[in-house]
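*Asks:* Give the three-dimensional model of this entry:
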Amino acid sequence: MPIYPPRNNSIKKQQELDYLGYQLYLSVSKEETRDKLEKLVEKFRKANLNLLKVEIQLAITQYLNVELDNVKIQKLQTEAKYWEDITFEYIIENHKADYFKNYQKWIKQ
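*Replies:* As a prediction, this is how the structure comes out:
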């Protein structure tokens, strides 16, 4: 028996993504240098991809024979492709509006 039981959700990856989103929010609001922002954006992108990868794997293992989850898997794969192709500038510009909305959520935690 393994020391840690296998997980059936992606809570840890979601927490990592939230934390990196918060760091990115703070860096953008402080107007950090482009190099620092690029590093944080790349970490944020990887966290998004890791979360999607886990969700795809969970969908495959938990709901192997259900037709509806094949649609869910397709959507997750499409979103993963989106995060692979998105540029640095687009992430900063597109998610500026989300920073303030997410900031309220991060403050509560």
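*Asks:* quick one: buried residues of stretch 72-84?
*Replies:* 73, 76, 79-80, 83 (16 or more other Cβ atoms under 10 Å). C-beta coordinates here come from the backbone N, C-alpha and C atoms, glycine included.
*Asks:* what do you get for stretch 38-53?
*Replies:* Applying 16+ other Cβ under 10 Å to stretch 38-53 flags 40-41, 43-45, 47-52 as buried.
*Asks:* With stretch 14-22 instead?
*Replies:* Counting neighbours by 16+ other Cβ under 10 Å, stretch 14-22 gives 16-17, 20-22 as buried.
*Asks:* Columns distance to residue 28 and pLDDT on top of these, output as JSON lines?
*Replies:* What follows is these, written out as JSON lines (distance: Cβ to Cβ, whole Å; pLDDT from 0 to 100):
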{"residue": "16", "distance to residue 28": "19", "pLDDT": "89"}
{"residue": "17", "distance to residue 28": "16", "pLDDT": "87"}
{"residue": "20", "distance to residue 28": "12", "pLDDT": "88"}
{"residue": "21", "distance to residue 28": "11", "pLDDT": "85"}
{"residue": "22", "distance to residue 28": "11", "pLDDT": "83"}
